[in-house]
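1. sequence isn't available, so here's the structure alone:
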């Protein structure tokens, strides 16, 4: 019985260690830094979506529509050197703060610093703004949006 429990513990510790090291179990491999950066670029290329904003008194409404990038080439042309992998030690107010549990669960494989041109229309008028931010990625290269509000 002790041997079975010891074996299960070894398996759990090994799996947790692989996950904390960035192993993607879904793809049975480690992703490259290029794959993580490409995943962030794909996410940024989508734009912000469309929504309406109402004034506090409810009398005015502003229509916002994100302008997505048509291709990776267009995104790269407008945002050269947009993304770089950085250490997980950003200043407390400028990046996500991950816990040990985030690493073990595979929710904190890489941290990417981004600087890109956000494009949208506001009541039909085109607008742009340079955004500097961080994006955290899971071990399988998914942008971790669940933590977005903690990052700002």
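-> Nice, thanks for sending it over. Values in this document were obtained by computation on a predicted structure and should not be read as measured data. Numbering: from 1, shown residues only.

2. and the residue nearest to residue 106 when sequence neighbours are not counted, helix, strand or coil?
-> Spatially, and ignoring its direct neighbours in sequence, residue 106 is nearest to residue 139 (3.9 Å; Cβ to Cβ, 6 or more residues apart in numbering). (Each C-beta comes from the backbone N, C-alpha and C, glycine too.) Under DSSP: H, G, I helix; E, B strand; the rest coil, the three-state class of residue 139 is coil.

3. now do the contacts for residue 139.
-> Listed by Cβ atoms under 8 Å, 6 or more residues apart in numbering, the contact set of residue 139 reads 19, 22, 23, 24, 25, 31, 106, 107, 109.

4. can I get those residues in a markdown table with pLDDT and neighbour count?
-> Output for these, formatted as a markdown table (pLDDT from 0 to 100; neighbours: other Cβ atoms under 10 Å):
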| residue | pLDDT | neighbour count |
| --- | --- | --- |
| 19 | 62 | 20 |
| 22 | 71 | 18 |
| 23 | 79 | 19 |
| 24 | 86 | 19 |
| 25 | 79 | 12 |
| 31 | 87 | 20 |
| 106 | 73 | 23 |
| 107 | 75 | 20 |
| 109 | 80 | 26 |
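
5. ranges for the helices of this protein?
-> Using DSSP state H, the helices of the chain run over 2-20, 33-45, 72-78, 100-105, 148-151.

6. related to what we said a few turns ago, in strands only, show me the contacts of residue 139.
-> Residues from the contacts of residue 139 lying in strands, with DSSP state E as the criterion: 23, 24.
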